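Participant: Give the three-dimensional model of this entry:
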Amino acid sequence: MDSTLLQWFKSHDGVIDEEHMGLGEIDGCGLGAISVKDIPKGHVLFEIPRNILLSTRTCTLKSKLTGSEWAGLGKGWTPLIVCMMWEAAKGGESNWDGYLATMPTRFDTPMFWPISELEELRGTSIAEKIGRDDAEKEYSERVVPLLKSRPDLFLPAHLDTYYTLEQFHIMGSRILSRSFLVEEDESDKEENPDVSMESSKSMDVDRSREEANSPDEVKEDEHEQNDDGDSDSEDGENVEDIAMVPMADMLNARYGGENAKLFYEPRVLKMITTKSIAAGEQIWNTYGDPPNSDLLRRYGYVDVPGQGLDIVELRGSLLVECASSYVPLLSEQQKERVDWWLEMGGDDTFTLDMKSLLPPELLSFTQLLLLSDTEWEKTQEKEKPPKLKSDEVKKCVKDALVMRMGLYPTSLEEDENQLASGQNTLNKRHALIIRIGEKQVLKAALESVSEPAPKKRKTESQGGTRKKGARQK
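Facilitator: Numbering: from 1, shown residues only. Coordinates of the predicted model:
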C-alpha cells in the first residue's frame, strides 16, 4: 500500500481496513486496489471524512477572489482545476499535500497522445470528445488572465511550474478519471450550518436506497464533458458538486466488474463491497458499465477484446442528411422538426450496441424527418414522437449507417489483421480495439436493418378473414 497516501489519509481521520485491502500496480490498469484476503459482501473497506474531499467548496481559493474573478473561470471544471493547481503550489501548507503528491502525472489517455496517433481514432466516437483545442482556449482565455492579475495568490515564481498548460491538462485529466459527484446532504447542512463540506458531487448521487437502512450511493461523474474545461451537459450541474475523493479514486473501473460502491452518510463516505471478493482479486468501483471508448478516454485503457462493451454513436445530423434524399425539406423545415424533437426530450445522438442495434428512438427520429407536411402537423398536435410505419425509415437508417461506416479510414478486416499482427504501439492497439468494436456494431446494425420485414399473418375465423371488431370463437 502506498505509504505516503496511507499516512496522509490516516492523519486526516480516514479509516481503512488494511487487513482486507491493499494498493498495488496492476497490469494494464496502473495503481489499483486488491483484496488481501476473502472479503464478504457488505463489508466496509474504508471511510472518508467529508472535510478531506477536494472541491471548490473545501478549497479556500474562492473566498480569496472577488465575485467577478471567480465567475470569470466559468461553470465547467476550470474552477476546480485552478483550485487543484493552487493547492499543489502551496506544497506542505496545503491540506491535500500528501494526497496530491500521490496522484498520477502521466496518462495514456488520448488527451496526451501525439497528433500522429490521434489520427488512429479518426471516425470513432472518441475523436470529437477529446477537446484539446477547447481546453487550451479555456486556459488561455480564462486562466492566464487571472494568474497575471493576482500575483499575490499565484506567485510569479510558480507560474512556470504549477500553472502551466501541461498542469492544466494533468489536473483536468485527474478530474476526468477520478472525480465523483457528491451531493450536498441537506439534513446534515441544517444540523451543521457552519461546516463547509457537507457534501460534494462528482459521482452522481442516487437517492434511492439499495437496501433498508443503507447509506445513499455516490456515483461516478458521468456527465458529458470534454477532457478539460467546460461541461457539455445541460443538466445544470454545479461545479461545487464535483469532488476529488481520496482513497476512493484508487479503485479502477471495468465493464461488468463492479464489486464495491461508494455510499455517503452525513459526515463520511464509505466504500462498501456489493458482492464477495476472493483474495487476490481486484476491487472495482464501476458505475454504469462504461464502454471501451469511455474507458480509454477517461482512464487510458480498454478491456480485453470481446469482454468489454462497444458502442457506436450515430449523430442526428447524418440522419437529417440522408432523409433529404427521401423527403426534400428546406433547412428551416428540418430545423423545426429537429428542434421539436429536442424539446420533447429526444437526443441528437443515438447510441448503438450489440443489444440495441436499432434503438426505437433512432427509428422514431428518422420517421419524424420523413413525415409529410400533413403528418407533421398531426404529430405536433399529438405532442409525441411518431410511431414507425414507413418502409423508407429503415432505408434511410441504412444509408446513415453506411455513411457512418465510411468515416473510418480503414476497413474492419484491415483493422483485425493489423491487431492480430501484434506490431502496434500501446496507443495504436487501444485505437484498433475501439475501431474494431465500433465497426462490429455497425456491421451488425447494417445486417439487422437489411433484413426483410416479417410478413403480416392474416387471422382467419371460421367464415374467412376476421373483420375488425369481430369476436373470435
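Participant: Could you use CA atoms for every contact and neighbour count after this?
Facilitator: Will do.
Participant: What separation is there between the closest residue in space to Thr4 that isn't next to it in sequence and Leu6?
Facilitator: Using C-alpha to C-alpha, 6 or more residues apart in numbering and skipping residues adjacent in sequence, the residue nearest Thr4 is Gly98, 6.3 Å away. According to C-alpha to C-alpha, to the nearest Å, Gly98 stands 9 Å off from Leu6.
Participant: so what pLDDT did the residue nearest to Thr4 get?
Facilitator: The score at Gly98 is 94. That number is its pLDDT.
Participant: Show me how far the strand or helix carrying it is from its chain's centre.
Facilitator: Using DSSP states H and E, Gly98 sits within helix 97-100. Between the centre of helix 97-100 and the centre of its chain there are 25 Å (C-alpha atoms, centre = their mean, to the nearest Å).
Participant: For it, enumerate the helices and strands it packs against.
Facilitator: When contacts are defined as 3 or more C-alpha pairs under 8 Å, 6 or more residues apart in numbering; DSSP states H and E, helix 97-100 packs onto helix 3-11, helix 78-90.
Participant: next structured bit after that helix?
Facilitator: Heading C-terminal from helix 97-100 (DSSP H and E), you reach helix 115-118.
Participant: Pull out the buried positions in that next one.
Facilitator: By 16 or more other C-alpha atoms under 10 Å, the buried positions in helix 115-118 come out as Leu118.
Participant: so after that helix, what's the next helix or strand?
Facilitator: helix 132-138.
Participant: Now do that next one: distance to the chain's middle.
Facilitator: Worked out by C-alpha atoms, centre = their mean, helix 132-138 lies 19 Å from the chain centre.
Participant: Show me what counts as buried in it.
Facilitator: Applying 16+ other C-alpha under 10 Å to helix 132-138 flags Arg132, Ala135, Glu136, Glu138 as buried.
Participant: ok, the spatially closest residue to the first one that is not a sequence neighbour - contacts?
Facilitator: It stands for Arg132. Leaving aside its chain neighbours, Arg132 sits nearest to Met111 (6.4 Å; criterion: C-alpha to C-alpha, 6+ apart). The neighbours of Met111, taking C-alpha atoms under 8 Å, 6 or more residues apart in numbering as the test, are Ile130, Gly131, Arg132, His169, Asp227, Arg297.
Participant: Ok, Leu118 next?
Facilitator: Contacts of Leu118 by C-alpha under 8 Å, 6+ apart are Pro110, Ala127.
Participant: gap between the closest residue to Met171 other than its chain neighbours and Trp113?
Facilitator: Nearest non-adjacent residue to Met171, counting by C-alpha to C-alpha, 6+ apart: Ile81, 5.6 Å away. Using C-alpha to C-alpha, one gets 21 Å for the distance from Ile81 to Trp113.
Participant: quick one, which of these two is more surrounded?
Facilitator: Ile81 (27 against 13; other C-alpha atoms under 10 Å).
Participant: picking that back up, I'd like to know how far the residue nearest to Arg132 sits from Leu176.
Facilitator: For Met111 relative to Leu176 (C-alpha to C-alpha), the value is 11 Å.
Participant: neighbours of the residue nearest to Thr4, just the number please.
Facilitator: With other C-alpha under 10 Å as criterion, Gly98 counts 19.
Participant: List the contacts of it.
Facilitator: By C-alpha under 8 Å, 6+ apart, the neighbours of Gly98 are Thr4, Leu5, Trp8.
Participant: what's the span of stretch 170-184 from first residue to last?
Facilitator: Termini of stretch 170-184 sit 27 Å apart (C-alpha to C-alpha).
Participant: helix/strand/coil for Pro452?
Facilitator: Classification of Pro452 by DSSP: H, G, I helix; E, B strand; the rest coil places it in coil.
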